[in-house]
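*Asks:* I need the structure of the sequence given here:
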Amino acid sequence: MYQPRKNTIVYKFFSWYIQFIIKKDFAAFNFDKAEINQNSSVLILANHFSWWDGFFIFYINKKIFKKQFHVLVNAENYNKVIFLKYLGAFAAENRGKDVLETLNYAGKLLDNPDNLVLVFPQGKLYSNHLTSISFEKGVMQMINASQKKINIIFAATFVDFFERRKASVYTYLQNWENEEYISLQLLKSAYNKHYDTSVVKQNHITE
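*Replies:* Numbering: from 1, shown residues only. Got it, this is the predicted structure:
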């Protein structure tokens, strides 16, 4: 598997650069301030519709959660976008056993309360106009590989222009009070309930 790499200079530069381009390219970036247990790690499950998605959550982590950022990406993006590995990206190098190793690695990351792991449960890019979010099975493998002392955060992000030349970003966060027993169906259902609620809020925004 491909693991994150450390380079303090590269990390600091792109940490600044991500904040810079978000402020430059968008009219506003609005997000909730979800409360978490600081003694537990953070697993963020988010919808995936654009190149920006990981950067949005990176920015939110910097402003709110203040954890060590990690994100599960595919091998193509890990190798294509060179700096991602220095921002905490990791990926499965091959199919089969390497995928399982990567998911178990993510579970171990979640055992450290200083860590945050971002996962896009859909597995690939979809439109921002979906009515529901699908979940790949790997999400549960990752959770089950951990000690399950996790803040599970649902993130639903939408982009709208309204009357402005530049779009505004809205990310709705929820700290899910997870059950003792978690199944893929339960997780998917809970996330989509949050997603539906977020769509309603988004549709009621007036600029």
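*Asks:* now the helices for the protein?
*Replies:* Counting by DSSP state H, the chain has helices at residues 8-25, 53-60, 75-80, 97-109, 138-144, 184-203.
*Asks:* which one of those helices has the most crowded surroundings?
*Replies:* Counting by mean count of other CB atoms under 10 Å, helix 53-60 has the highest mean neighbour count of the helices of the chain, with a mean of 22. (Glycine included, C-beta is placed from N, CA and C.)
*Asks:* run through who's touching that one.
*Replies:* 15, 18-19, 21-22, 29, 31, 44, 46-47, 69, 71, 73, 84, 87, 89, 118, 120, 155, 157, 169, 171, 173 (CB atoms under 8 Å, 6 or more residues apart in numbering).
*Asks:* now it and helix 8-25, what's the angle there?
*Replies:* Interaxial angle of helix 53-60 relative to helix 8-25 (axes from the mean of the first three to the mean of the last three CA atoms, to 10 degrees): 100 degrees.
*Asks:* pLDDT on helix 53-60, on average?
*Replies:* Taken as a whole, helix 53-60 has a mean pLDDT of 96.
*Asks:* renumber starting at 37 from here on
*Replies:* Sure, I'll start counting at 37 from here, so that last one is helix 89-96.
*Asks:* got the buried residues for stretch 154-174?
*Replies:* L154, V155, F156, P157, Q158, G159, I169, F171, G174 (16 or more other CB atoms under 10 Å).
*Asks:* need these in CSV (columns: pLDDT and distance to R201).
*Replies:* Rendered in CSV, the data for the buried residues of stretch 154-174 read as follows (pLDDT from 0 to 100; distance: CB to CB, whole Å):
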residue, pLDDT, distance to R201
L154, 98, 29
V155, 97, 33
F156, 96, 29
P157, 94, 33
Q158, 91, 30
G159, 85, 33
I169, 94, 29
F171, 93, 36
G174, 89, 39
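*Asks:* could I get these in a markdown table, plus columns for distance to N43?
*Replies:* Below are the buried residues of stretch 154-174 laid out as a markdown table (distance: CB to CB, whole Å):
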| residue | distance to N43 |
| --- | --- |
| L154 | 20 |
| V155 | 24 |
| F156 | 24 |
| P157 | 29 |
| Q158 | 30 |
| G159 | 28 |
| I169 | 34 |
| F171 | 33 |
| G174 | 28 |
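*Asks:* can you flag which of the residues you listed belong to strands?
*Replies:* Of those, the ones assigned to strands by DSSP state E are L154, V155.
*Asks:* the longest strand along the chain vs helix 89-96, what angle?
*Replies:* Of all the segments of type strand in the chain, defined by DSSP E, the longest one is strand 186-196. Relative orientation of strand 186-196 versus helix 89-96 (the same axes, to 10 degrees): 120 degrees.
*Asks:* so where's the protein shaky on pLDDT?
*Replies:* 215, 242-243 (pLDDT under 70).
*Asks:* spatially nearest residue to the residue positioned nearest the centre of it (excluding sequence neighbours)?
*Replies:* Centrality entry for the chain: nearest residue to the mean C-alpha point is L154, 3.4 Å, by CA atoms, centre = their mean. In this structure, L154 finds its nearest non-sequential neighbour in V107, 4.2 Å apart by CB to CB, 6 or more residues apart in numbering.
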